[in-house]
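Student: sequence unknown, structure follows:
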DNA sequence: CAATGATCCTGTCCGC
DNA sequence: TGCGGACAGGATCATT
């Protein structure tokens, strides 16, 4: 469930906690969670953190000496900073051991999350085809018009496609479509220029607000120091019964996922 | 190329 | 009380 604002929040917290520190080791406790690029040096650690970036929902953590960690939380992944780690925790799938006997736990109930260790020149190979960052200038009305021109799928499904725009998930797509006044079932290529403009505007707006609120904590999202986000307090349709104007929210399944929308406000 | 459905996985919740 | 099933959902893969 972590989407762009949640991933950025976790990454910012990680950077604050471990910047200038040294990774002593990377341990995997669940098969497939940690993946090492073939042919890496015999011992990759100890090694110092160099930089912390986000691309879509991926965290890209560069290490000195041209290596990088690519971290994806998928649905239930969490990073938890721990100044005095002990035994393996419940659902702990991997652990980044730091110097001074500290650690960052990778907790992931549903085990879909991944940590990849690779050379910096291999980063692109380990990332899928990702569309523009929604907060960048590249994501504008003209881009969207071109990208959606042949998309007959519902606009909701198109916006969840990471190769079209990178970082949106179910919650923010539904929230931005409510704000834009567009029914999530509308055919993507059938939207007017005015509507595309509203999608761009409200995508940026809802993401900026969620970032300022440190993300949305539905179920169990936490930042790295276990703080909840606050944006759940500002949701207008996701898991709501009524929209802000008092209309009844409708729920439908789209591509296997729940879509919440207001049939009065969204056309 | 676009779209759909199955798959991965486990905790939680609902109905019987 | 307990159990089966639905559900949650991001990304990948296979299929149409």
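Tutor: Cool, got the structure. Only a predicted model underlies this, so the values are computations on that prediction, with no experimental measurement involved.

Student: mind listing what the closest residue to residue A:161 other than its chain neighbours touches?
Tutor: Closest residue in space to residue A:161, ignoring its immediate chain neighbours: residue A:131 at 7.5 Å, by CB to CB, 6 or more residues apart in numbering. C-beta coordinates here come from the backbone N, C-alpha and C atoms, glycine included. By CB atoms under 8 Å, 6 or more residues apart in numbering, the residues touching residue A:131 are A:139, A:147, A:161-166.

Student: and DNA strand C, which of the residues you listed contact it?
Tutor: Contacts with DNA strand C are made by residue A:162 out of these, judged by CB under 7 Å from any atom of the strand.

Student: Give me the buried subset of the contacts of residue A:131.
Tutor: A:139, A:147, A:161-162, A:164-166 (16 or more other CB atoms under 10 Å).

Student: Contacts only, for the residue in the stretch 151-267 of chain A positioned nearest to DNA strand C.
Tutor: In the stretch 151-267 of chain A, the residue that lies nearest DNA strand C is residue A:169 (3.2 Å; CB to the nearest atom of the strand). Residue A:169 makes contacts with A:1-4, A:57, A:160, as judged by CB under 8 Å, 6+ apart.

Student: same check, this time on residue A:104
Tutor: A:14, A:17-18, A:79-82, A:95-96, A:98, A:224.

Student: Which of the residues you listed fall within helices?
Tutor: Residues of these located in helices (DSSP state H): A:14, A:17-18.

Student: follow-up on the earlier one: show me the two of the contacts of residue A:169 that sit farthest apart.
Tutor: A:2 and A:160 (14.2 Å; CB to CB).

Student: More neighbours: these two, which one.
Tutor: When residue A:2 and residue A:160 are compared for neighbours, residue A:2 comes out ahead with 24 against 20, by other CB atoms under 10 Å.

Student: quick revisit: near DNA strand C too, which of the contacts of residue A:169?
Tutor: Filtering the contacts of residue A:169 for proximity to DNA strand C (criterion: CB under 7 Å from any atom of the strand) leaves A:1, A:3, A:57, A:160.

Student: wait, does the longest strand belonging to chain A contact DNA strand C?
Tutor: Longest strand of chain A, by residue count under DSSP state E: strand A:47-55. No. Strand A:47-55 is not in contact with DNA strand C by CB under 7 Å from any atom of the strand; minimum separation 9.9 Å.

Student: average pLDDT for that strand?
Tutor: For strand A:47-55, the mean pLDDT works out to 96.

Student: so what strands line up beside that strand?
Tutor: Each strand paired with strand A:47-55, and its direction, by DSSP bridges: strand A:22-28 (antiparallel), strand A:58-63 (antiparallel).

Student: Name the residues that touch the helix or strand that the shortest one is followed by?
Tutor: Elements were assigned by DSSP states H and E; along the chain past strand A:58-63, the next helix or strand is strand A:67-72. Taking CB under 8 Å, 6+ apart as the criterion, the residues outside strand A:67-72 that touch it are A:26, A:40, A:44, A:47, A:57-63, A:77, A:79, A:96, A:106, A:113-120, A:123, A:126-127.
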